[in-house]
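1. Sequence and computational prediction follow.
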Amino acid sequence: MVEEVALRGRENPGVEGPVAWAGVAYDGNLGSIGNARQFVTGFLTQLHQEHRIEVCALAAGVAELVVSELVTNVCKYAPGPCVVNVEVADRVLAITVWDTNPALPVVDVSDPGRIGGHGLELVTVMCEGVEARREPIGKRIKARVSLEPAFG
């Protein structure tokens with residue numbers, strides 16, 4: 001079951017915090033991966049339409065890949081539901097994924113000969129930052145993606 005929270009914008013531009021945010025819960029089945037990509041794409045489209053924030057194609061692609069990799073790991077390693085939250089502040093998109101498994105992820109050492117296991121490695125390379133923390137139930141992983149073009 002998917003429950004979406006509508007895009008919320010900042011009501012007072014003088015107040016610090018995200019310009020816009022949205023969240024969605026998934027049941028953790030494999031369909032959650034594609035649904036999470038569509039959710040992020042829809043959020044970025046609404047961000048442009050409602051807040052006139054430009055998102056370069058590279059940043060949008062990175063955001064889709066990041067959420068896809070994070071939710072794929074949920075489907076593989078964490079039984080049950082997951083929650084995806086996205087928010088934009090200071091031209092950075094924060095993608096946060098909560099799941100039920102308290103084990104923090106480990107980024108494997110780069111090995112071009114390894115088959116699989118490169119998802120989190122890619123996420124850490126492409127993002128402004130990635131952090132993981134245990135919660136009273138499960139864990140939360142937050143990845144920050146710059147919305148600025150990578151090249152001048």
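-> Thanks, I have the structure now.

2. Quick check: which ranges of this protein have low pLDDT?
-> Residues of the chain meeting the criterion pLDDT under 70: 1-17, 114, 116, 149-152.

3. Swap in 50 and give it another go.
-> Applying pLDDT under 50 to the chain picks out residues 1-13, 15.

4. Check which helix or strand the residue lying farthest from the centre of the chain maps to.
-> Distance from the centre of the chain peaks at residue 113, with 27.4 Å (Cα atoms, centre = their mean). Assigned by DSSP states H and E, residue 113 falls within no helix or strand.

5. Residue 136: neighbour count?
-> 5 (other Cβ atoms under 10 Å). The way it works is simple: take the backbone N, C-alpha and C, and place the C-beta from them, glycine included.

6. SS state for it?
-> coil (DSSP: H, G, I helix; E, B strand; the rest coil).

7. Contact partners for the most centrally placed residue in the chain?
-> Note on the chain: the residue nearest the mean C-alpha position is residue 95, at 2.8 Å, using Cα atoms, centre = their mean. By Cβ atoms under 8 Å, 6 or more residues apart in numbering, the contact set of residue 95 is 40, 63, 66, 67, 70, 84, 85, 86, 142, 143, 144, 145.
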